[in-house]
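Q: what follows is a predicted protein model with its sequence.
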Amino acid sequence: MAVTPTTVAILRCVPDKQRSFALGVQSVFLRILGTIPGPILFGVAIDSSCTLWDINECKVKGACLVYDNKRMAYLLMGISTACKIITIIFIVMAACLYKPPPASVALSQKDSEMVSAVHT
């Protein structure tokens, strides 16, 4: 959901020669921090809201038969809110700690972009 603004920020803040590396690092972090712990965390929340489990004759716990909907709603909303708060904290830190490049470097980058655009 927030991939496009992050990509735009990376393309604007990172020098030309490091953009592909920065986008690769962003992709790795997105995959590691988003696709691995997310389903596990939500699965634990859903399992912890179960009130009646199906237990077979071997005493092995199976699927959940009845969920506590109110508890599940609070858990899932709490996880989502906590993740959003952590994201906002990191965005504020990035905005406070970002130091733009000197004007001369920024101008030379724009000149080189214009020259490359004209030659293509």
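A: Perfect, I can see it now.
Q: measure residue 68 to residue 81 for me?
A: 19 Å (C-beta to C-beta, to the nearest Å). To be clear about C-beta, it is placed using only N, CA and C from the backbone, and glycine gets the same treatment.
Q: neighbour-wise, which of these two wins?
A: residue 68 (14 against 10; other C-beta atoms under 10 Å).
Q: quick one: list the elements packing against the helix or strand harbouring residue 28.
A: Using DSSP states H and E, residue 28 maps to helix 19-30. Where contact means 3 or more C-beta pairs under 8 Å, 6 or more residues apart in numbering; DSSP states H and E, helix 19-30 is packed against helix 3-13.
Q: output the helix it packs on as PDB - backbone C-alpha positions only.
A: Taking Å, rounded to 0.1, in the frame of the first residue of the first chain, the C-alpha atoms of helix 3-13 are listed here in PDB:
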ATOM      1  CA  VAL A   3       5.300   1.100  -1.900                       C
ATOM      2  CA  THR A   4       4.800   3.800  -4.500                       C
ATOM      3  CA  PRO A   5       5.500   6.800  -2.200                       C
ATOM      4  CA  THR A   6       8.600   5.000  -0.900                       C
ATOM      5  CA  THR A   7       9.800   4.400  -4.400                       C
ATOM      6  CA  VAL A   8       9.300   8.000  -5.300                       C
ATOM      7  CA  ALA A   9      11.200   9.100  -2.200                       C
ATOM      8  CA  ILE A  10      14.100   6.800  -3.000                       C
ATOM      9  CA  LEU A  11      14.200   8.000  -6.600                       C
ATOM     10  CA  ARG A  12      14.300  11.700  -5.500                       C
ATOM     11  CA  CYS A  13      16.800  11.300  -2.600                       C
END
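Q: angle of it against helix 19-30?
A: Helix 3-13 and helix 19-30 meet at an angle of 150 degrees, taking axes from the mean of the first three to the mean of the last three C-alpha atoms, to 10 degrees as the criterion.
Q: for helix 3-13, buried residues please.
A: residue 9 (16 or more other C-beta atoms under 10 Å).
Q: could you give the mean pLDDT of it?
A: Mean pLDDT, helix 3-13: 82.
Q: same deal with stretch 33-43?
A: 87.
Q: can you list the residues that contact it?
A: Residues outside stretch 33-43 that contact it (C-beta atoms under 8 Å, 6 or more residues apart in numbering) are 76, 79.
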